[in-house]
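*Asks:* sequence and predicted structure are below.
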Amino acid sequence: MSYRTEKFQCKNGDCIKSELLCDGSADCKDKSDETVVECTKPEIICQRLAFRCSYGACIDGDKTCNGEQDCIDNSDETLPTCRSVSFNTSSFNSCGKNQFKCDDGQCIAESGLCDGKIDCIDNSDETIFKCSTITCPQYLFRCTYGACIDGDLKCNGVTNCADGSDEDPKICRNTSEKSSTTIRPTIRPSTSSPITPGSISCTAPPKPENGYWKLDQSYWRNGKDKICDNCDVPQGTKLAPGQELIYGCNSGYKLTSSASVFCNSQGQWINIPECKEIRCKGLISSSRSVECMHNGKYVPCSDVVPGTTAKLKCRDGYHIEKGSTLFDVRCNETGGWFPEPIQCVPACGIQPLNFVPAIVNGTRPDVFEFPWHASLYRAMNSTAPKEFICGATIIHERLLVTAAHCVFDESGITPKVYDASKFHIAAGNIFRNYDSPLHEDTVVQKAQVKHIYYICEYNGYKGNYADDIAVLEIKDTFNFSSILLPVCLDDYGWISLEDGLFGKVAGFGRTAFGISSLIIQKIEVPFIPFERCKTLSSTYDTRHFITTDKFCAGYTNGSAVCEGDSGGGLVFNNSGLWYLKGIVSVGLGTKQEGGNLVCDNYAYSLYTKISSHMSWIQNIIFKIDKPSLLNRCPS
């Protein structure tokens with residue numbers, strides 16, 4: 001079955017892992033994970049060697065006819081091929097008292113006839129021919145082919161009729177969950193009073209375009225109890241409720257949903273599939289380039305026909321994910337690529353080989369030194385100029401990390417996040433102004449912010465800048481290259497911050513003359529242990545800013561990060577790669593003057609620890625393509 005990352009919610013509200021859905025075994029207490037409604041959806045795709053249960057679930061193909069019930073409806077043990085495995089039919093010439101003889105000679109308990117569950121290997125105990133003449137007591141439910149089941153089992157999310165008619169969406173649409181269930185013993189239906197033939201029937205539908213259908217053999221027998229040769233009937237033929245059509249497609253086409261289609265009790269066919277041309281999905285992406293050939297000619301690499309070959313290559317700024325090795329793949333006859341195409345993931349934290357580091361406290365750094373650094377701007381309306389606000393760090397082709405205080409309005413009683421559409425990003429720029437004519441057009445990339453993710457408990461200055469972190473999602477993806485790529489995230493905790501360890505940060509903070517720099521600056525700063533940080537904080541009465549998600553770094557000689565550096569990323573080197581460990585948050589010498597925060601660049605700076613929020617960041621990265629699964633803060 002195809003892999004799905006999200007969880008499945010059972011009908012009773014419980015949640016199970018998505019890979020347990022439609023696997024043949026009931027994992028929901030109410031068995032709602034193994035129903036014809038869930039398991040015949042198009043996204044439930046069985047692997048090539050798997051067996052598909054009659055209600056749609058997928059099990060290991062080697063588990064059929066093994067004497068054990070692996071499908072919840074036992075359909076893996078009722079196949080015609082199971083006859084030679086499970087018993088010799090010639091030994092069943094007669095059946096004992098209170099037994100029913102199946103059409104192939106097998107004997108089952110008489111109570112198993114027309115009870116909704118298939119007991120005969122040839123399915124003959126649950127057919128319209130055997131069950132249509134029986135009468136069900138009032139408190140039992142009659143399946144469309146005539147079987148009787150407990151009335152309380154109707155619309156309970158589990159298939160109890162062999163044809164699934166007890167879970168027909170049309171009869172279950174307005175059924176609510178029962179708070180209690182009365183269990184009555186299922187009584188052997190009477191055969192003494194045949195039902196009055198009604199006028200409800202299904203008309204044999206037109207054959208699908210590029211496909212066909214046939215009647216299911218178990219329902220279609222001639223007078224001598226011999227299974228029909230081709231089970232074909234003309235279009236327009238009237239067929240009784242309970243009859244099943246088996247759909248198939250011509251060569252080069254595949255079904256869009258389950259092959260089995262039933263005539264329900266309202267005279268309608270349920271879930272008729274279509275035949276769709278088999279094609280393999282295109283492989284071109286922002287991370288991977290592709291060349292495709294078919295019959296010796298180059299062809300476009302969008303959805304391609306079987307037989308097409310593709311040569312794959314990771315784009316600049318990406319590398320092959322561990323485990324991927326093969327660059328040449330082929331579109332096979334089932335619409336899949338074989339072998340599995342390479343996966344290209346962003347290279348992170350790499351500086352170009354020809355980069356020469358700038359001297360500490362020297363001139364501006366080369367753009368190559370911080371290929372993950374970006375600048376955040378705010379425009380209060382569509383005509384207003386884009387004002388530089390903060391730094392940001394690229395962590396994904398659509399995501400950046402910055403400080404929460406950069407995107408919040410704290411002028412009121414309660415901090416409020418600004419509308420995301422007011423913010424813009426420039427990456428690869430060494431000049432501060434958004435529209436600077438000095439930008440290198442081949443290097444600088446710009447984007448508009450689409451959404452802002454932040455910790456719901458963030459409360460700005462009043463909350464001592466705890467949880468001072470935000471993730472920005474942009475509308476268009478970055479095109480990564482050797483001079484623009486994401487920083488690495490230390491999700492395995494490889495780097496331990498210790499006294500004397502140096503990191504570096506870039507920004508447009510104040511220069512030695514007290515004005516904001518027009519050209520990007522960088523500073524290398526040492527990590528400061530907690531006790532030394534706490535001692536200095538007493539001088540400024542700012543101990544309360546050292547929250548559990550903060551650490552200290554910097555100097556007390558005037559070389560400190562300050563306004564304009566906020567939101568920038570403090571990175572540390574490990575084995576040649578640069579990892580994001582902190583976000584510039586607030587200085588120990590910070591104070592409010594006239595409603596504005598003023599930084600003292602003779603004090604240590606506090607950084608928001610990335611490690612304290614790693615699981616939150618990773619959750620956003622993993623679910624960015626499914627935003628409905630992400631938790632949003634109340635507005």
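*Replies:* The structure has been received and is ready for your questions. Values in this document were obtained by computation on a predicted structure and should not be read as measured data.

*Asks:* which residues pair with Ala553 across the strands?
*Replies:* With DSSP bridges applied, Ala553 shows beta-bridge pairing to Phe527, Ser605.

*Asks:* hmm, it is touching Phe572, no?
*Replies:* No - the pair Ala553 and Phe572 does not pass the contact test of Cβ atoms under 8 Å, sitting 9.9 Å apart. Glycine gets a C-beta too; all of them are placed from N, C-alpha and C.

*Asks:* mutual contacts of those two, please.
*Replies:* Shared contacts of Ala553 and Phe572 (Cβ atoms under 8 Å, 6 or more residues apart in numbering): Gly503.

*Asks:* out of these two, which sits in the busier spot?
*Replies:* Between Ala553 and Phe572, counted using other Cβ atoms under 10 Å, Ala553 has the larger neighbour count: 27 against 23.

*Asks:* the more buried one and Ser496, how far apart?
*Replies:* 14 Å (Cβ to Cβ, to the nearest Å).

*Asks:* what of Cys314?
*Replies:* 32 Å.

*Asks:* quick one: which of those two has more around it?
*Replies:* It is Cys314, of Cys314 and Ser496, that has more neighbours when counted by other Cβ under 10 Å, with 20 against 10.

*Asks:* show me what the more buried one bridges to in the sheet.
*Replies:* Counting by DSSP bridges, Cys314 is bridged to Arg288.

*Asks:* what residues are up against it?
*Replies:* Contacts for Cys314 (Cβ under 8 Å, 6+ apart) come out as 287-289, 320, 342, 344.

*Asks:* would you turn these into TSV with pLDDT and distance to Tyr377?
*Replies:* Conversion of these to TSV gives the following (pLDDT from 0 to 100; distance: Cβ to Cβ, whole Å):
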residue	pLDDT	distance to Tyr377
Ser287	78	27
Arg288	84	31
Ser289	87	32
Ile320	84	35
Ile342	87	37
Cys344	82	30
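
*Asks:* which among those gets closest to Ser566?
*Replies:* Ser287 (31.1 Å; Cβ to Cβ).

*Asks:* can you tell me the closest non-neighbouring residue to that closest one?
*Replies:* The shortest distance from Ser287 to any non-neighbouring residue, by Cβ to Cβ, 6 or more residues apart in numbering, is to Cys344 (4.0 Å).

*Asks:* can you show me the strands along the stretch 351-500 of the chain?
*Replies:* 373-378, 387-396, 399-402, 408-409, 416-417, 423-427, 445-454, 470-474, 488-489 (DSSP state E, counting those that start in this stretch).

*Asks:* which of the ones you listed sits most buried?
*Replies:* Most buried of the strands of the stretch 351-500 of the chain, by mean neighbour count (mean count of other Cβ atoms under 10 Å): strand 399-402, with a mean of 28.

*Asks:* what is the least confident helix or strand in the protein?
*Replies:* helix 83-86 (a mean of 47; mean pLDDT, DSSP states H and E).

*Asks:* work out the gap between the following helix or strand past that one and the centre of the chain.
*Replies:* For helix 83-86, the succeeding helix or strand toward the C-terminus, using DSSP states H and E, is strand 99-101. Offset of strand 99-101 from its chain centre (Cα atoms, centre = their mean, to the nearest Å): 49 Å.

*Asks:* tell me the mean pLDDT for strand 99-101?
*Replies:* Per-residue pLDDT over strand 99-101 has a mean of 85.

*Asks:* do the same with stretch 583-591
*Replies:* 82.

*Asks:* list the buried ones in it?
*Replies:* Along stretch 583-591, these residues count as buried under the neighbour rule (16 or more other Cβ atoms under 10 Å): 583-590.

*Asks:* show me the protein divided up by domain.
*Replies:* 16-65, 117-152, 202-277, 288-346, 366-474, 488-610 (the TED database).

*Asks:* need these in a markdown table (columns: distance to Phe8).
*Replies:* Compiled in a markdown table, the domains of the chain are given as follows (distance: least, Cβ to Cβ, whole Å):
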| stretch | distance to Phe8 |
| --- | --- |
| domain 16-65 | 5 |
| domain 117-152 | 24 |
| domain 202-277 | 18 |
| domain 288-346 | 24 |
| domain 366-474 | 25 |
| domain 488-610 | 27 |
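
*Asks:* show me the two of the buried residues of stretch 583-591 that sit farthest apart.
*Replies:* Every pair of the buried residues of stretch 583-591 checked by Cβ to Cβ; the farthest is Ile583 and Gly589, at 18.4 Å.

*Asks:* SS state for the closest residue to Pro300 other than its chain neighbours?
*Replies:* Nearest residue to Pro300, sequence neighbours excluded (Cβ to Cβ, 6+ apart): Cys292, at 7.0 Å. Three-state call for Cys292 (DSSP: H, G, I helix; E, B strand; the rest coil): strand.

*Asks:* so Cys292 sits against Ala310, correct?
*Replies:* Yes - with contact defined as Cβ under 8 Å, Cys292 and Ala310 form a contacting pair (4.9 Å).

*Asks:* between those two, which contacts overlap?
*Replies:* 301, 304.

*Asks:* tell me the contacts of Ser257?
*Replies:* Contacts here follow Cβ under 8 Å, 6+ apart; on that basis Ser257 touches 40-42, 271, 273.

*Asks:* could you dump the residues you listed into CSV with secondary structure, distance to Asp27 and neighbour count added?
*Replies:* Formatted as CSV, the contacts of Ser257 follow (DSSP: H, G, I helix; E, B strand; the rest coil; distance: Cβ to Cβ, whole Å; neighbours: other Cβ atoms under 10 Å):
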residue, secondary structure, distance to Asp27, neighbour count
Thr40, coil, 18, 22
Lys41, coil, 17, 15
Pro42, coil, 22, 11
Asn271, coil, 24, 16
Pro273, coil, 27, 21
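
*Asks:* of all these, which two lie farthest apart?
*Replies:* By the measure Cβ to Cβ, Lys41 and Pro273 form the most distant pair in the contacts of Ser257, at 11.7 Å.

*Asks:* how about the helices of the stretch 301-450 of the chain, start to end?
*Replies:* Using DSSP state H, counting those that start in this stretch, no helices are found in the stretch 301-450 of the chain.

*Asks:* any low-confidence regions in it?
*Replies:* Applying pLDDT under 70 to the stretch 301-450 of the chain flags residues 322-326, 352-367.

*Asks:* how about the stretch 1-150 of the chain?
*Replies:* Looking at the stretch 1-150 of the chain by pLDDT under 70, you get 1-6, 42, 48, 79-94.

*Asks:* now stretch 379-386: buried residues?
*Replies:* Those buried within stretch 379-386 under the rule 16+ other Cβ under 10 Å are 379, 386.

*Asks:* quick one: contacts for Gly568?
*Replies:* Counted by Cβ under 8 Å, 6+ apart, Gly568 has contacts 373, 390-393, 505-507, 561, 583-584.

*Asks:* what is the nearest of these to Thr442?
*Replies:* Closest to Thr442, out of all of those and judged by Cβ to Cβ, is His373, at 17.5 Å.

*Asks:* just checking, Asp27 touches Glu19?
*Replies:* No - here Asp27 lies out of contact with Glu19, judged by Cβ under 8 Å, at a distance of 9.9 Å.

*Asks:* next, count neighbours for Asn616.
*Replies:* Actually, residue 616 is Trp. It isn't Asn. Number of residues near Trp616 (other Cβ under 10 Å) recorded here: 15.
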